[in-house]
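> My questions are about this predicted structure, shown below with the sequence.
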Amino acid sequence: QLQASGGGLVQAGGSLRLSCAASGRTFGSGAMGWFRQAPEKEREFVSGITWNGGNTYTAASVKGRFTISKDNAKNTVTLQMNSLKPEDTAVYYCAATYGLLTDFQRYNLWGQGTLVTVSS
């Protein structure tokens with residue numbers, strides 16, 4: 001019910017856009033966001049937005065480079081990733097929660113992962 005798209009291979013300094021469409025449900029006072037997991041590293045929260053679009057949270061590691069937005073008409077969340085670095089290479093997962101934006105453990109609806117590879 002969460003369909004992720006985007007990702008791919010890009011050179012350092014380039015941009016990519018990830019999209020996640022929520023079909024068949026809404027999340028009331030909850031949120032949607034993106035996590036990522038690099039090889040041999042723990043999964044980390046990247047950025048999220050409340051379902052009503054009023055609040056966002058972005059990890060310090062990507063702040064100023066990544067921007068999250070929501071299209072309410074399409075129930076789609078987009079992560080615009082600029083100035084990509086090799087350390088951004090990871091599988092990115094779209095996720096949703098009926099809980100708080102920053103209660104990362106409560107994201108329990110997941111889309112398929114999409115690979116982002118940033119070459120140096």
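Everything's here; your move. Small disclaimer: the values here were computed from a predicted structure and weren't measured.
> tell me the SS of the spatially most central residue of the chain?
When the chain is reduced to its mean C-alpha position, the nearest residue by Cα atoms, centre = their mean turns out to be W34, at 2.3 Å. Assigned with DSSP: H, G, I helix; E, B strand; the rest coil, W34 falls in the strand class.
> Give the full set of residues in contact with it.
Residues in contact with W34, defined by Cβ atoms under 8 Å, 6 or more residues apart in numbering, are 18, 20, 45-48, 68, 77, 79, 92-95. Quick note: C-beta positions are derived from backbone N, CA and C, even for glycine.
> what about 10 Å?
Taking Cβ atoms under 10 Å, 6 or more residues apart in numbering, we find W34 in contact with 4, 18, 20, 44-49, 58-59, 62, 66, 68, 77-79, 81, 92-95, 107, 111, 114.
> Skipping its backbone neighbours, what lies nearest it in space?
V46 (4.5 Å; Cβ to Cβ, 6 or more residues apart in numbering).
> Buried ones in the helix or strand in which the one you found is found, by neighbour count?
Counting by DSSP states H and E, the element that carries V46 is strand 44-50. With burial defined by 16 or more other Cβ atoms under 10 Å, the residues of strand 44-50 counted as buried are F45, V46, S47, G48, I49, T50.
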